[in-house]
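S.K.: A predicted structure for the sequence below; I have some questions about it.
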Amino acid sequence: MHQHDHQHWLKIMQQSTWLESGIDCYNKGELVNSIESKVCQLLDKPASLIFTKGTTCQLAALKTASGARDNPYIALHRRSHIAEDEEDAYIHVTGLKPLFIGQTTHPFGSHDLRSLDIKPAVLTVELPLRRVGFRLTPWDELLAMRKWCDEHQVHFHLDGARLWESTHFYQKPLPEIAALFDSVYVSLYKGIGGLSGAVLLGENNFIEWVKPWRNRLGSQPWTQFPALITALEGLQHNLPQIPGWTIRAKALAQSLKQLDDITVDTPHTNAFQVRLKGDATVVNQKLLYLQDQLQLVVCKPFAPAQDSDWLFTEVQIGKQGAHITNQEVVDFFTQLTT
């Protein structure tokens, strides 16, 4: 997810076999059809709908499921992207009400559902849960949540922005994971590497009911061909590489664990957290100095961890880091901590 200059995107589009496709207009056209059908095929869902952004995609899904049950309550993790990174859009824009479950340090489990005093319209799970270190909910827990939703007639929604990166952990194909959920959101720009965009999947009727909310939320642009072309390229060329990125993340994390003065998570996906103690200003000054001297960017700036005196950063393995060796990353953190 490194930033790219304009020439990067123009090069992808100019070399793409999709360049000669008919132009899209208001979410209709050959490119839109290609993406929606491709993602439906990958996840084996009956219908899908393209969006400009994951935020509007999930707002539309949650509002539709809530409206169908005449119930404004959604159950979610308090450190989920919906709760922590979208300026409470689900509250202020669509009038939904949160029921927070679980602890701040790890994904919630099926046992946490017993704490709900109010029946929600929707239960939403983020796989992986980024803000607690890209952690994934165990498979047995997902099965139990599916059963609970069936018993209580609750819509089960997946925030799958990084679902593509989660299959290796579960050792299950995308359709088997997606089958647990009534609706699934996937990103077209994170692991896939497109310019932007998202896709929502579900049953035919549900997707039809979502369409008005897509328009109401401003996700119906005149055209978005750059995002569509780069997403199709990413689905073709980047998606097959993602399991290898996860394998590499595990190997890199294991090497970093040999260093003193840092703690390193065991990755569930292609990303993980590294933590150390110190003054954030001092640590990040040294980080910027090493980035400049070594011409390497291996992680984000450090930030204070919640409820502790540690600082944390994120390491994410992807296409842009293919030229950086694991040993270079280990050497980088060695210099950072000495």
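M.R.: Cool, the structure landed.
S.K.: show me where the stretch 201-338 of the chain has helices.
M.R.: For the stretch 201-338 of the chain, the helices defined by DSSP state H, counting those that start in this stretch cover 204-216, 225-237, 242-256, 280-294, 326-336.
S.K.: mind checking which of those is nearest Ser21?
M.R.: Ranking these by proximity to Ser21 (CB to CB) places helix 225-237 first, at 7.8 Å. For the C-beta atoms, the positions are set from N, CA and C on the backbone; glycine is no exception.
S.K.: sorry, back to before: most packed of the helices of the stretch 201-338 of the chain?
M.R.: Stretch with highest mean neighbour count among the helices of the stretch 201-338 of the chain: helix 225-237 (a mean of 21; mean count of other CB atoms under 10 Å).
S.K.: for the residue nearest to Val330 when sequence neighbours are not counted, which residues are in contact?
M.R.: In this structure, Val330 finds its nearest non-sequential neighbour in Ser255, 5.2 Å apart by CB to CB, 6 or more residues apart in numbering. Residues near Ser255 by CB atoms under 8 Å, 6 or more residues apart in numbering: Asn326, Gln327, Val329, Val330.
S.K.: just name the closest of the residues you listed to Gln103, please.
M.R.: Val329 (30.4 Å).
S.K.: surely that closest one touches Thr313?
M.R.: No: under the criterion of CB atoms under 8 Å, Val329 is not in contact with Thr313, lying 11.9 Å apart.
S.K.: neighbours of Pro304, how many?
M.R.: Residues lying near Pro304 (other CB atoms under 10 Å) number 11.
S.K.: got the contact list for it?
M.R.: Ala280, Trp310, Leu311, Phe312.
S.K.: one step back: biggest separation within the contacts of Ser255, which pair?
M.R.: Across the contacts of Ser255, the longest distance by CB to CB is 7.3 Å; it joins Gln327 and Val329.
S.K.: any idea which residue sits dead centre in the protein?
M.R.: Nearest to the geometric centre of the chain sits Ala161, at 2.5 Å (CA atoms, centre = their mean).
S.K.: quick one, strands of the stretch 1-150 of the chain?
M.R.: 47-51, 73-77, 97-101, 122-126 (DSSP state E, counting those that start in this stretch).
S.K.: and these: which comes nearest Ser34?
M.R.: Here strand 47-51 is closest among the strands of the stretch 1-150 of the chain (CB to CB), at 10.2 Å.
S.K.: identify each buried residue in stretch 46-59, please.
M.R.: 47-59 (16 or more other CB atoms under 10 Å).
S.K.: burial of Val297, as a residue count?
M.R.: 15.
S.K.: re the thing from before, the helices of the stretch 201-338 of the chain into a markdown table, with extra columns for distance to Val93 and mean pLDDT?
M.R.: Listed next are the helices of the stretch 201-338 of the chain as a markdown table, based on distance: least, CB to CB, whole Å; pLDDT from 0 to 100:
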| stretch | distance to Val93 | mean pLDDT |
| --- | --- | --- |
| helix 204-216 | 9 | 98 |
| helix 225-237 | 22 | 97 |
| helix 242-256 | 32 | 97 |
| helix 280-294 | 33 | 96 |
| helix 326-336 | 40 | 97 |
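S.K.: adding distance to Ile262, write those helices out as JSON lines.
M.R.: Converted to JSON lines, those look like this (distance: least, CB to CB, whole Å):
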{"stretch": "helix 204-216", "distance to Ile262": "44"}
{"stretch": "helix 225-237", "distance to Ile262": "32"}
{"stretch": "helix 242-256", "distance to Ile262": "7"}
{"stretch": "helix 280-294", "distance to Ile262": "11"}
{"stretch": "helix 326-336", "distance to Ile262": "6"}
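S.K.: Leu129 is nearest to which of those helices?
M.R.: The nearest among the helices of the stretch 201-338 of the chain, by CB to CB, is helix 242-256 at 16.0 Å.
S.K.: roughly how far out does the closest one sit from the chain middle?
M.R.: Here helix 242-256 is found 18 Å from its chain centre; the criterion is CA atoms, centre = their mean, to the nearest Å.
S.K.: alpha carbons of that helix, as CSV, please.
M.R.: Only the C-alpha atoms of helix 242-256 are listed here, as CSV (Å, rounded to 0.1, in the frame of the first residue of the first chain):
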residue,chain,number,x,y,z
ILE,A,242,-0.8,-13.3,-1.6
PRO,A,243,-0.3,-16.7,0.0
GLY,A,244,3.5,-16.4,-0.6
TRP,A,245,3.5,-13.0,1.1
THR,A,246,1.9,-14.6,4.2
ILE,A,247,4.6,-17.3,4.2
ARG,A,248,7.3,-14.7,3.9
ALA,A,249,5.8,-12.7,6.8
LYS,A,250,6.0,-15.7,9.1
ALA,A,251,9.7,-16.3,8.2
LEU,A,252,10.5,-12.6,8.7
ALA,A,253,8.7,-12.4,12.0
GLN,A,254,10.6,-15.5,13.2
SER,A,255,13.9,-13.8,12.3
LEU,A,256,13.0,-10.6,14.0
